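K.L.:
My questions are about this predicted structure, shown below with the sequence.
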Amino acid sequence: MRMILGASTKKHVEKINQLGYTAMVSFNTLEFRKSPISSHTIWIDSGSFTRLSSHKPLATPEKLIRVAQINNTEIVFTPDAMCEPQIIEKTGLDVDEHIRITHENNKYMLEVAEKVNFPTEKIGLVVQGWTVKDYIKSANLCKTIIKNPNQIVGIGTLCRRHSFSEIGEIVDTVKSILPQARIHAFGVKGPALAYIKSKIYSADSFAWAFHRFGDFRYQKICQKTDCKTKCNNCTIAIEIWINSLIKTINGF
Ligand SMILES: [Zn+2]
């Protein structure tokens, strides 16, 4: 399984690469940049969770692909509508509508990519749902538009689950409908990730890494004199953070 590590600065992206991993950067971080965040290859998350949580509209496929073209992008994910009750409450729409929006955006991402000559194999499609039945519906919709058999397909809303077997069942279900797709699990951590890691191509630390980095950002953890009370953007702190993240991941 490939672990893709969440990053929000050039220093993060470079340190992650130096340690042999790939960085995932949010569209929200890249949106207004005119130049690449780094020369290293990155994956781009659509930033949809943050946007829907704060009542902002989803990024458009045009803008996401534009940002992907500016950066050295391996994968760029579709703007999706996740289905946990917390987000459903924010949008006021139901799960079926969130599945429909995600499907329309998957379709439109592929169309825009073709139109602007951006490789469709770099588009990370997303399936969404809450129950297993929802994921069957979403994966079947995805099957009708998928361009490359081994396309990356991200499974959303997996992290807010009580049971590992439920996460495993959802992953198995999506894989049975899209057998050749490379499955990416969004935001799954800890023992749940250990449970599914043999079934998936990749996972990311995006949803949980920021919280950990947040711990370091507001306190001093290095010996440098120019970090007076906190290591806000210090490379030593970044390295300590990434090493602890990798240690946690390897322990799964
Ligand atoms: Zn420091």
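P.N.:
Okay, I see it.

K.L.:
Residue 159 should be in a helix, yeah?
P.N.:
No - with DSSP: H, G, I helix; E, B strand; the rest coil as the criterion, residue 159 is located in coil rather than a helix.

K.L.:
quick one: pLDDT of it?
P.N.:
What the model reports for residue 159 is a pLDDT of 83.

K.L.:
show me what contacts it?
P.N.:
Contact analysis of residue 159 by CB atoms under 8 Å, 6 or more residues apart in numbering lists 186, 187, 188, 189, 192, 207. Any C-beta I mention is one placed from the backbone N, CA and C, and that applies to glycine too.

K.L.:
which one of those has the most neighbours?
P.N.:
residue 188 (27 neighbours; other CB atoms under 10 Å).

K.L.:
doesn't it fall inside a helix?
P.N.:
No - counting by three-state DSSP, residue 188 is not found in a helix; it is coil.

K.L.:
Any chance of the backbone angles for it?
P.N.:
Dihedral angles phi and psi of residue 188 (degrees, to the nearest 10) take the values phi -80, psi 140.

K.L.:
ok, it - contacts?
P.N.:
158, 159, 167, 196, 203.

K.L.:
for the residues you listed, which one is nearest residue 224?
P.N.:
Nearest to residue 224 among these, counting by CB to CB, is residue 203 at 32.7 Å.

K.L.:
got the residue ranges for the helices in the stretch 51-200 of the chain?
P.N.:
Listed in chain order, the helices of the stretch 51-200 of the chain (DSSP state H, counting those that start in this stretch) span 61-70, 85-91, 95-115, 132-145, 164-177, 190-196.

K.L.:
then the third one to PDB, C-alphas only?
P.N.:
Once side chains and other backbone atoms are set aside, the C-alpha atoms of helix 95-115 remain, and they are given as PDB (Å, rounded to 0.1, in the frame of the first residue of the first chain):
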ATOM      1  CA  VAL A  95     -27.100  10.900   0.500                       C
ATOM      2  CA  ASP A  96     -28.600  10.200  -2.900                       C
ATOM      3  CA  GLU A  97     -28.100  13.800  -3.900                       C
ATOM      4  CA  HIS A  98     -24.500  13.700  -2.600                       C
ATOM      5  CA  ILE A  99     -23.900  10.500  -4.700                       C
ATOM      6  CA  ARG A 100     -25.300  12.200  -7.700                       C
ATOM      7  CA  ILE A 101     -23.200  15.300  -7.300                       C
ATOM      8  CA  THR A 102     -20.100  13.200  -6.900                       C
ATOM      9  CA  HIS A 103     -20.900  11.200 -10.100                       C
ATOM     10  CA  GLU A 104     -21.600  14.400 -12.100                       C
ATOM     11  CA  ASN A 105     -18.300  15.800 -11.000                       C
ATOM     12  CA  ASN A 106     -16.500  12.500 -11.900                       C
ATOM     13  CA  LYS A 107     -18.000  12.600 -15.300                       C
ATOM     14  CA  TYR A 108     -17.200  16.300 -15.800                       C
ATOM     15  CA  MET A 109     -13.600  15.900 -14.600                       C
ATOM     16  CA  LEU A 110     -13.000  13.300 -17.300                       C
ATOM     17  CA  GLU A 111     -14.700  15.600 -19.900                       C
ATOM     18  CA  VAL A 112     -12.700  18.600 -19.000                       C
ATOM     19  CA  ALA A 113      -9.500  16.600 -18.900                       C
ATOM     20  CA  GLU A 114     -10.100  15.400 -22.500                       C
ATOM     21  CA  LYS A 115     -11.000  18.800 -23.600                       C
END
